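Colleague: Predicted structure and sequence below. I'll ask about it afterward.
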Amino acid sequence: MERIIDLNGKSYSVVKEVENVQQLLEHLDLRDRILIVEKNKEILQKESYDVPIMDRDQIEIIHFVGGG
């Protein structure tokens, strides 16, 4: 079953192997970054990244970039 989410304001088709937020971060190659994840307008703590991703969820991922 295909799931479509809103990822950072854009429609994104979630592959079937990605079932939760942690797997989404790994799929997007963001697992080792310092970031903030918001799901349906609620900020998730890192220990809650195993929460399932459902069709039409709104996910915002903000990661920090160093530099000067």
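Modeller: Nice, thanks for sending it over. Residues are numbered from 1 along each chain as shown.

Colleague: in this structure, which spans are helices?
Modeller: 21-27 (DSSP state H).

Colleague: which residues sit in contact with the residue nearest to Ile36 when sequence neighbours are not counted?
Modeller: Among residues not flanking Ile36 along the chain, Ile62 sits closest, at 4.6 Å (Cβ to Cβ, 6 or more residues apart in numbering). (C-beta placed from N, C-alpha, C; glycine too.) Applying Cβ atoms under 8 Å, 6 or more residues apart in numbering to Ile62 gives the contacts 35-36, 38.

Colleague: and the residues you listed as JSON lines, adding neighbour count and distance to Glu26?
Modeller: As requested, these are exported to JSON lines (neighbours: other Cβ atoms under 10 Å; distance: Cβ to Cβ, whole Å):
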{"residue": "Leu35", "neighbour count": "13", "distance to Glu26": "13"}
{"residue": "Ile36", "neighbour count": "12", "distance to Glu26": "17"}
{"residue": "Glu38", "neighbour count": "14", "distance to Glu26": "18"}
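
Colleague: Minimum pLDDT in those, which residue is that?
Modeller: Lowest pLDDT of those: Leu35, 93.
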